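Enquirer: Dropping the sequence and predicted coords here.
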Amino acid sequence: MNRKKSIVVFISGNGSNLQAIIDKIKSGELDVDIKLVISNKSDAYGLERAKKAGIPTEVFSFKEFQNKTISSHRQIDTNNRAEINNKALSADGQTKDIIRQRYCAELALLVKKYNPDLVVLAGWMLILKNEFLNEFPMRVINLHPAIIPAFPGINAIQQAFDFGVKITGVTVHFVPDEGIDTGPIILQEPVKIDENETLETLEAKIHSVEHQILSKTIQLFAQERLQIIGRRVKIL
């Protein structure tokens with residue numbers, strides 16, 4: 001009998017997709033173990049959902065990591081080292097990217113302690129750098145509320161609504177690198193935008209589809225039914 005696959009779920013907010021995963025595990029529709037739920041925000045309600053389900057949680061804030069990194073370098077005052085490091089870690093432009101690389105390296109160390117088969121980005125609102133992704137090659141998936149390559153990045157539902165498209169949808173894709181919503185597509189589900197649609201009703205429709213398609217993707221991974229061929233993902 002094959003070992004049950006384990007996952008770590010990343011969230012930044014309400015965690016409704018996390019709840020859908022938890023519910024489908026309880027109902028037997030999804031055959032995985034959630035080893036950890038991690039958030040970059042301490043007030044993310046999804047953390048409470050995890051705790052109620054008895055799932056370990058961690059908060060790893062980029063903002064706090066950034067502030068501590070800058071503060072620790074400002075305390076160095078040997079010769080001209082303090083001045084050099086303050087300039088190097090001003091948290092502006094390229095230097096902020098250096099801090100994000102360090103953050104992602106530390107994040108990878110944290111996640112590796114739980115040895116997950118799959119990392120699930122379910123409403124995670126930070127771009128992961130290669131310092132993290134290289135530790136989990138083709139083992140990170142992301143949920144995006146649009147039919148990519150259309151409407152990548154943040155506020156995808158509103159982007160589609162404002163653009164006036166007739167059909168939008170939901171995508172689950174692998175995250176092999178730092179590209180924003182550019183990885184190999186696993187599953188997509190269309191959502192029709194009706195003539196009298198409001199942003200609120202469209203959001204509700206999208207979220208309903210998200211709850212189904214993400215769990216379906218995780219189950220396909222758990223059953224080892226995903227084969228990656230270049231940019232294409234074949235479902236076995």
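Expert: Looks like it came in fine.
Enquirer: and the helix or strand containing residue 18, what does it pack onto?
Expert: Assessed by DSSP states H and E, residue 18 sits inside helix 16-27. For helix 16-27, the packing partners by 3 or more Cβ pairs under 8 Å, 6 or more residues apart in numbering; DSSP states H and E come out as strand 5-11, strand 32-39, helix 45-52, helix 199-222. (Glycine included, C-beta is placed from N, CA and C.)
Enquirer: of all the ones you listed, which lies closest to residue 167?
Expert: Closest approach to residue 167 among these is made by helix 199-222 (11.3 Å; Cβ to Cβ).
Enquirer: which of the residues in stretch 188-201 are buried?
Expert: Neighbour counts over stretch 188-201 (16 or more other Cβ atoms under 10 Å) mark 188, 191, 193 as buried.
Enquirer: Let me know the next secondary structure element after the lowest-mean-pLDDT helix or strand in the chain.
Expert: Lowest mean confidence among the helices and strands of the chain (mean pLDDT, DSSP states H and E): helix 81-88, at a mean of 46. As assigned by DSSP H and E, the chain's next helix or strand after helix 81-88 is helix 94-112.
Enquirer: Quick check: buried residues in that next one?
Expert: 99-100, 103-104, 107-108, 111.
Enquirer: So for that helix, mean pLDDT?
Expert: Averaging pLDDT along helix 94-112 gives 92.
Enquirer: do the same with stretch 26-39
Expert: 98.
Enquirer: measure it end to end?
Expert: Stretch 26-39 has an end-to-end distance of 22 Å (Cα to Cα, to the nearest Å).
Enquirer: can you list contacts of it?
Expert: 4-12, 15, 18, 21-22, 24-25, 46-47, 49-50, 53, 55-60, 107, 110-111, 114-116, 118, 215, 218-219, 222-223 (Cβ atoms under 8 Å, 6 or more residues apart in numbering).
Enquirer: 6 Å instead, please
Expert: For stretch 26-39, contacts defined as Cβ atoms under 6 Å, 6 or more residues apart in numbering pick out 4-11, 24, 47, 50, 55-59, 114, 116, 215, 219, 222.
Enquirer: what's the closest non-adjacent residue to residue 97?
Expert: residue 129 (7.9 Å; Cβ to Cβ, 6 or more residues apart in numbering).
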